[in-house]
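Q: pasted the sequence and its predicted model underneath.
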Amino acid sequence: MKRKLFFWELGGFLFTGALGTLLHFVYEWSGGSALAACVSAVNESTWEHMKLLFVPLFLFSVVQVCLLGRNYPNLLAVRALSALTGMLLIPVLFYTYIGVLGRSIDWVNIAIFFLADLGAFALDFALLRRGTLSSRWMQLLGLAVLWGLAFCFVWCTFRPVPLPLWRDPVTGLYGIP
């Protein structure tokens, strides 16, 4: 069972990394489609890069719940916690190294995305194996958090909050260019 879970989590890490990388370009490739804006980055803000982690992780979660949900009754709560952790790692690592170096380096930004992806699935694997967070109310809370985050990413794409997290450092603008 642990081996099967390991391969599921490894698959989730690889899927999230690959699809997140592709989603960085989908909005531009689509010619500015509103539908593409809902799931892909519309600018270079930290918030939009957090979306690149969340969207594939969310899609993978849907598949995992359908195929593994009965084997892991703590899946929704654990996934919500690991998604929040991975998403939190992006701004924490990004703003920390920018504060230290005073500039942005593309390869470091890419590494941060993959470290956040790895952090999310490593935490996920550890908590799923332990069986923690398995009460019914925690599963409902996990489900609410995941859907709430999905809503927030779509909403804030079209109505960004005027804070640095949502500001495109390239253009200085917020939201869709």
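A: On my side now, so go ahead. Remember, it's a predicted structure, so these values are computed and weren't measured experimentally. Numbering: from 1, shown residues only.

Q: hey, let's count contacts and neighbours off CA atoms from now on
A: Noted.

Q: give me the low-pLDDT residue ranges for the chain?
A: 1 (pLDDT under 70).

Q: quick one: the helices in it?
A: Applying DSSP state H to the chain gives helices spanning 2-29, 34-39, 46-68, 75-101, 106-130, 136-158.

Q: quick one, the fifth one and helix 75-101 angle?
A: Just to be clear, that refers to helix 106-130. Relative orientation of helix 106-130 versus helix 75-101 (axes from the mean of the first three to the mean of the last three Cα atoms, to 10 degrees): 150 degrees.

Q: in helix 106-130, what counts as buried?
A: Across helix 106-130, burial judged by 16 or more other Cα atoms under 10 Å covers 109, 112-125, 127-128.

Q: ok, Leu67 - how many residues close by?
A: If you count neighbours by other Cα atoms under 10 Å, Leu67 ends up with 10.

Q: sorry, slip of the keys, the one I care about is Phe7.
A: By other Cα under 10 Å, 12 other residues sit near Phe7.

Q: gap between it and Leu14?
A: In this view, Phe7 and Leu14 are 10 Å apart by Cα to Cα, to the nearest Å.

Q: got the phi and psi for Pro160?
A: Backbone torsions of Pro160, given as degrees, to the nearest 10, read phi -70, psi 150.

Q: test my guess that it contacts Gly175.
A: Yes - assessed by Cα atoms under 8 Å, Pro160 is found in contact with Gly175 at 5.4 Å.

Q: which one's more surrounded, the two?
A: More crowded of Pro160 and Gly175, by other Cα under 10 Å: Gly175, with 22 against 19.

Q: enumerate every residue touching that one.
A: For Gly175, the residues meeting the contact criterion (Cα atoms under 8 Å, 6 or more residues apart in numbering) are Val42, Asn43, Cys156, Thr157, Phe158, Arg159, Pro160, Trp166, Arg167, Asp168.

Q: distance of the closest residue to the third one other than its chain neighbours from Val55?
A: Once flanking residues are discounted, Cys156 sits nearest to Gly175: 7.4 Å by Cα to Cα, 6 or more residues apart in numbering. When Cα to Cα is applied, the distance between Gly175 and Val55 equals 17 Å.

Q: likewise Phe15?
A: Separation of Phe15 from Val55 (Cα to Cα): 11 Å.

Q: look up phi and psi at Asn74.
A: The phi and psi values for Asn74, taken as degrees, to the nearest 10, are phi -100, psi 10.
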